[in-house]
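Trainee: Attaching a predicted model along with its sequence, questions to come.
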Amino acid sequence: MTDADPEPGVGVVVVAAGSGSRLGAGVPKAFVAIGGERIVDRAVRGALAVRAVSQVVVVVPAAYVQGEAGDLAAVHPEPGPVARVTVVAGGAERTDSVRAGLAALDAACAIVLVHDAARCLTPAGVYDRVIAAVRAGDEAVVPGLPVVDTMKVVDADGLVLLTPERARVRAIQTPQGFTRAALDRAHASGQLATDDAALAEACGIPVRVVLGDPLALKVTTPEDLAYAERLLEGAR
């Protein structure tokens, strides 16, 4: 790409299709409120605040497309450029939901970020670092943090198999960024995975880790929700 070439378009797939059973709220996790605002709204607003983003596709449970999620298309950043928001139904597995989001992205989005709505407090700087690394030539980029605890790999009976070197271990977050071609290739494998980086790894695509942020925590349990509330209270 020369100086005269436009930057490749960036699309974000926000995955908000999970049931959130561990949160025990009686509704899908993304539709639970933190600080008076739904998790999914915070996640979409965070993606829209990133200047490079031109489209956000929100993947929600099918029953929520016309109902509780119908107003997401009216969300706009303030201040900043307006990006288009599209809402689609998810699938049975996370991988199916990401594929549904990919199918709804404009062809002009040559860079794709996949983001968990549950990481709704993720700062714009994390998005920027991921996008910059993909634009610099990496096909797959994930944010991560060094771990402070000693990690153990155990078997099904809870017996330790090995202790990885802590300095080489990272706790991986989202958004995870990919060239469109690399992510399409990874999903074409038809495999299931807990994140898209694992699909890329399985296809032999090198994955780079850039610095994440403690605010990109994933809200999964009631304790996580309470902690996120405290973070917001502190910020206010």
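Mentor: Looks like it arrived, so ask away. Numbering: from 1, shown residues only.
Trainee: what's the distance between stretch 134-149 and the middle of its chain?
Mentor: For stretch 134-149, the separation from the chain centroid amounts to 13 Å (computed by Cα atoms, centre = their mean, to the nearest Å).
Trainee: meant to ask about stretch 220-236, not that
Mentor: For stretch 220-236, the distance to the chain centre is 19 Å (Cα atoms, centre = their mean).
Trainee: now stretch 99-115
Mentor: Worked out by Cα atoms, centre = their mean, stretch 99-115 lies 12 Å from the chain centre.
Trainee: Please save the CA atoms from that stretch in PDB.
Mentor: What follows is stretch 99-115, C-alpha atoms only, in PDB (Å, rounded to 0.1, in the frame of the first residue of the first chain):
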ATOM      1  CA  ARG A  99     -19.700 -16.500  10.800                       C
ATOM      2  CA  ALA A 100     -23.100 -14.900  10.700                       C
ATOM      3  CA  GLY A 101     -21.500 -11.500  11.600                       C
ATOM      4  CA  LEU A 102     -18.900 -12.000   8.900                       C
ATOM      5  CA  ALA A 103     -21.600 -12.600   6.300                       C
ATOM      6  CA  ALA A 104     -23.200  -9.300   7.100                       C
ATOM      7  CA  LEU A 105     -20.000  -7.200   6.800                       C
ATOM      8  CA  ASP A 106     -19.500  -5.000   3.800                       C
ATOM      9  CA  ALA A 107     -16.900  -6.300   1.300                       C
ATOM     10  CA  ALA A 108     -15.000  -3.100   1.800                       C
ATOM     11  CA  CYS A 109     -14.100  -4.200   5.300                       C
ATOM     12  CA  ALA A 110     -10.700  -5.700   4.600                       C
ATOM     13  CA  ILE A 111      -9.900  -5.800   8.300                       C
ATOM     14  CA  VAL A 112     -12.200  -7.500  10.700                       C
ATOM     15  CA  LEU A 113     -12.300  -7.200  14.500                       C
ATOM     16  CA  VAL A 114     -14.200  -9.800  16.500                       C
ATOM     17  CA  HIS A 115     -15.200  -8.500  19.900                       C
END
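Trainee: Any buried residues in that stretch, and which?
Mentor: Residues of stretch 99-115 classed as buried by neighbour count (16 or more other Cβ atoms under 10 Å): 99-102, 104-105, 109-115. Using the backbone N, CA and C atoms, a C-beta is placed for each residue, glycine as well.
Trainee: And stretch 167-181, by the same measure?
Mentor: Neighbour-count burial for stretch 167-181 flags R170, A171, I172, Q173, T174, P175, Q176, G177, F178, T179, R180 (criterion: 16+ other Cβ under 10 Å).
Trainee: now that stretch: mean pLDDT?
Mentor: Averaging pLDDT along stretch 167-181 yields 97.
Trainee: Alright, calling it a day.
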